[in-house]
Every structure is written in C-alpha cells, then in structure tokens.
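I'll drop the sequence and a predicted model, then ask my questions.
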Amino acid sequence: MGNTVRGSFLPADPNDEPIIRPRDSPWKQEATLSVIVLKKSDIPDNGAIVVPASAWLKIAVFRVGDRLAAIDNRCPHAGYDLWDQEGGDFNGTTIRCIWHGFKIDIWKGKGQDGTPHPTFPVTLVGDEVHLVVPDDI
C-alpha cells in the first residue's frame, strides 16, 4: 500500500507541490508511506473532514476551493480536537482551538506563536484527494 522513501516531511507550501526532503539527522531510516484517498466532494468548501491515520493520529483535511491542507487535528496544548463533528472555528486560513483560542495557520503549518504544527502532503487529482501519511506514526 505504501512506497518506501528516505526523508522526512516538511510543511507543504500551498504554492508548491508537497515535498519530501532528506533529514538533517544522521539517522537515515527508511519511512514507509501510505496514501489515503478521499473524494473532494466529501470535504465541504471552507471546511474540513477528519481522517483517522493511526490508532492515535487524526488528520484534518481542509478545503478552500481547490486548495487543500492537511494538519494534525490535535491542539498542541492539551490535545483537544481542532475540528470535530460539529465543525470548528475556521476562517479559511486559521483554525482556532475552541477550548482556549490558540490559532494555527493551516497553510503555513504554524501556531500563532510561530511553533511548527505537523502537516501532511495532500494533492488533488481530479476529484480524488491523496493524503500521504508515514506508516510509522
């Protein structure tokens, strides 16, 4: 189901294709990747859908028109869901944690204080959304 590559994920720039670059670490382990396929029509415009990627990781895939972004759905402070079945506080650029107001820019993969927030490569192929997730997370 996955391809094998060397590298680690970097936050995807919405103007570029998702990329995988070599790690700076001396630990050059191979990572196995899985591609989760969704339908674009399943993701509401100016909204998101949550995809379970592992037993503990849920990824929020956001859509604004034809632009897509995928981030870890947990707030970095207390692990609350950023997007749930009720939706979330999303303005097209930032998602705000409903529990304490922390904001994350989904396009830059950064919190309001500049800390990185995990992002995942996601592309649109016709009406299919391809989400790339490391198998070891």
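Great, that's in hand. Numbers count the residues shown, from 1 in each chain.

give the contact list for the nearest residue to residue 105 once chain neighbours are set aside.
Once flanking residues are discounted, residue 105 sits nearest to residue 94: 5.3 Å by Cβ to Cβ, 6 or more residues apart in numbering. In short, each C-beta sits where N, CA and C put it, glycine included. Neighbouring residues of residue 94 by Cβ atoms under 8 Å, 6 or more residues apart in numbering: 103-106, 112.

show me the shaky parts of this structure.
Flagging of the chain using pLDDT under 70 yields the residue ranges 1-32, 136-137.

and if we set it to 80?
Along the chain, the parts satisfying pLDDT under 80 run over 1-33, 135-137.

the longest strand in it is where?
When secondary structure is assigned using DSSP state E, the longest strand within the chain turns out to be strand 30-39.

for that one, name the packing helices and strands.
Helices and strands touching strand 30-39, by 3 or more Cβ pairs under 8 Å, 6 or more residues apart in numbering; DSSP states H and E, are strand 2-6, strand 47-52, strand 128-134.

so which of those comes closest to residue 82?
Relative to residue 82, the nearest member of the helices and strands packed on strand 30-39 by Cβ to Cβ is strand 47-52, separated by 8.4 Å.

after the closest one comes which helix or strand?
Downstream of strand 47-52, the next assigned helix or strand under DSSP states H and E is strand 58-64.

just checking, what packs against that next one?
Counting contacts by 3+ Cβ pairs under 8 Å, 6+ apart, strand 58-64 packs against strand 47-52, strand 67-72, strand 128-134.
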